[in-house]
Structures are given as C-alpha cells and as structure tokens.
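[1] quick one, what's the 3D model for this:
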Amino acid sequence: MNKNSFTGKILTGVFVIIAVTAFSPSASRGLDKMPEFVKYVSSGDYFKCNIPADWSIDTPGFGLSAEEKKVCGVTLFGPPNGGPVAPLLSVHYYAPGNLLHKTMEVFINRHSGPVLGFVAEGKSYGDVREIEFAGRKAQTFDRIDVRFIGERALHPLKVSIFEKFIVIPGIKDDGFYVLKLSVPAADKDKFTGIFEESVKSFIPQK
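    Below you'll find the model as predicted:
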C-alpha cells in the first residue's frame, strides 16, 4: 500500500472521531452521560416535570410551610464533584397572595437587574427576553452572581455563579412559575442539558 495513502486514511479516521466527539450532545454540554430522570408532581398538583433522580431534594425544617408561603415546588442539589458550590435546580409555583413575590413582574425586577441600579464587582445581568413556553408568553434571563465561601475566613473564596431563570405566567394571571438553574459559572455547560431536560418536560397545571 502506498505510504501516503495509508497515512491519509489514518488522519481521516482521526478527524472523524474528533468530529463525532465534538458534536455529540453529551460532549457539547460537557457531560459524559446524562443522569436518569424521574417524574415529579408538585404538592397541590400545580405542575409536573422530570427531575434528575440522583440529585438531593432540599427539605427545609424550619420556617413557614409551603402552604403558608403559598409557594410550592422543589429545590434540588446535584453532586458538587469536588467544587466549592453544589449545582442547584429548582421549579416553583408562586400562588396569588404568596409571601415572597407579589407578582411575576416583581420577581423579574428583583432578579434580572441590580438593586438601585448599582452593579457590584463581578456581577452581570443579561437581557430579559420573551419566549413561547407551553403555549404562553414567558420571560427568560440569566445573570452572573457572586458568592463568598467561608465568609468568616480572612480571605474567603469568591465564586462566580451562573443563574438562568424562566418565568411563566399562570392562566388568567393565576400566579406564576419559576424554573431556575444555579451553578458555578465555570461549570455551566456541564449542567445545561440537565436543566433543558427538566424544562422541556415541564407541564403547568394552572
């Protein structure tokens, strides 16, 4: 066999392998393997969605109950994988008269921009965009927040946190829904696919 021809075939094979790896869904999202998902139905049957089976569900033991706050849903913490902050995924329904955010507009204003117009060092905010979601006009935006780990230490660790929000109105202004991803900014691509899986499976019941 011609030496140049043999070498060309080897190089072609290498390029094919690289191309397949680069454009496979798991590689493009930074994940070796998508986790298993299970169906979640909120208390009060306000929504349904798929959530990663191996993530831990947050169960706060103090303060007002979900029914008292009129905010129902789930907050999940993923494996930190040696990082300083564990990834977080949450899905909640804010009923009319809830004690946290009176309206959808109030929630968006509080989370999509800086307080009093001052942007602290290291923080940034993306534009609020309108999207079609489950046949409704929803809003989405993202931001970079800053978290200090070991605040009592002389030199606490500063971590940039990427957060993405999707805010969906209820039918006839009957409350609203919030889907949120919060992960270290350096690792955001690793968890995009997981968030997208929960988002595309989300079914509002109000």
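[2] shaky segments in the chain?
    By pLDDT under 70, the weakly predicted segments of the chain are 1-32, 151, 153.
[3] just the strands in it please.
    37-41, 47-52, 56-57, 71-77, 88-94, 124-125, 129-133, 136-149, 157-169, 176-184, 203-204 (DSSP state E).
[4] measure the residue nearest to the spatial centre of the chain to residue 206 for me?
    Ranked by distance to the mean C-alpha position of the chain (Cα atoms, centre = their mean), the top residue is residue 181 at 1.7 Å. Plainly put, residue 181 is 22 Å away from residue 206 if you go by Cβ to Cβ, to the nearest Å. Backbone N, C-alpha and C define where each C-beta goes, glycine included.
[5] now distance to residue 195 too, for the strands of the chain, in JSON lines please.
    Shown next, in JSON lines, are those (distance: least, Cβ to Cβ, whole Å):
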{"stretch": "strand 37-41", "distance to residue 195": "12"}
{"stretch": "strand 47-52", "distance to residue 195": "10"}
{"stretch": "strand 56-57", "distance to residue 195": "16"}
{"stretch": "strand 71-77", "distance to residue 195": "11"}
{"stretch": "strand 88-94", "distance to residue 195": "6"}
{"stretch": "strand 124-125", "distance to residue 195": "19"}
{"stretch": "strand 129-133", "distance to residue 195": "14"}
{"stretch": "strand 136-149", "distance to residue 195": "11"}
{"stretch": "strand 157-169", "distance to residue 195": "7"}
{"stretch": "strand 176-184", "distance to residue 195": "4"}
{"stretch": "strand 203-204", "distance to residue 195": "16"}
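[6] nearest to residue 102, out of these?
    strand 88-94 (9.0 Å; Cβ to Cβ).
[7] other residues contacting that closest one?
    Defining contact as Cβ atoms under 8 Å, 6 or more residues apart in numbering, one finds that strand 88-94 is touched by 40, 42, 44, 46-47, 49, 51-52, 55, 70-78, 100-101, 104, 107, 170, 175-183, 191, 194-195, 198, 202, 204, 206.
[8] any of the residues you listed buried? List them.
    40, 42, 46-47, 49, 51-52, 55, 70-78, 101, 104, 107, 170, 175-183, 191, 194-195, 198, 202, 204, 206 (16 or more other Cβ atoms under 10 Å).
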